[in-house]
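Trainee: my questions are about this predicted structure, shown below with the sequence.
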Amino acid sequence: MSDFLRTYLVVAIFGGLGVMLVGVFVMLGAALRPNHPTAERRLTYESGVDATGDMWSQSNIRYYVFALLFVMFDVEAVFIFPWATRLEAYGTFGLVEMAIFIFILVLGLAYAWRKGVLRWI
């Protein structure tokens, strides 16, 4: 067997071992935990408030847009951190490129602010 195939075999063995361990632990947890189902335990419970109505409510789109903006700026941090650790290697080109990237993100933030998306209420 070639070294190339042997490395994939090692990965497959470890992957299978990981899947097997997860399965064993899930089955072990199911076998050991107490199981006493009652009607009260099956009720929907959220934030300490008893469930009323048909459990369907429409949320404001602003919450989703706010969450999307958070994810966007979180991803920005993922891109900036490796760049900041290797700034010397990238030189001036890397600095200008990151400045353009941040400028585009600031434009997006200014647009969202101007449209009133960042107002929570």
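Mentor: Ah, there it is. The shown structure was predicted, so the numbers you read here are calculated from the model rather than taken from an experiment. Numbers count the residues shown, from 1 in each chain.
Trainee: for W83, pull up the helix or strand it's in.
Mentor: In this assignment (DSSP states H and E), W83 forms part of helix 61-85.
Trainee: low-confidence ranges in the chain?
Mentor: 44-55, 121 (pLDDT under 70).
Trainee: quick one, strands of the chain?
Mentor: 45-46, 49-50 (DSSP state E).
Trainee: share the number of residues neighbouring A112, please.
Mentor: Per other Cβ atoms under 10 Å, the neighbour tally for A112 reads 16. C-beta coordinates here come from the backbone N, C-alpha and C atoms, glycine included.
Trainee: contacts only, for it.
Mentor: A112 sits next to V65, L69, L118 when contact means Cβ atoms under 8 Å, 6 or more residues apart in numbering.
Trainee: hmm, try it at 7 Å
Mentor: L69, L118 (Cβ atoms under 7 Å, 6 or more residues apart in numbering).
Trainee: for it, give its distance to F103.
Mentor: 15 Å (Cβ to Cβ, to the nearest Å).
Trainee: buried residues, the helix holding W83. List them.
Mentor: L69, E76 (16 or more other Cβ atoms under 10 Å).
Trainee: contacts made by that helix with the rest, please.
Mentor: For helix 61-85, contacts defined as Cβ under 7 Å, 6+ apart pick out Y90, G94, M98, L105, A112, V117.
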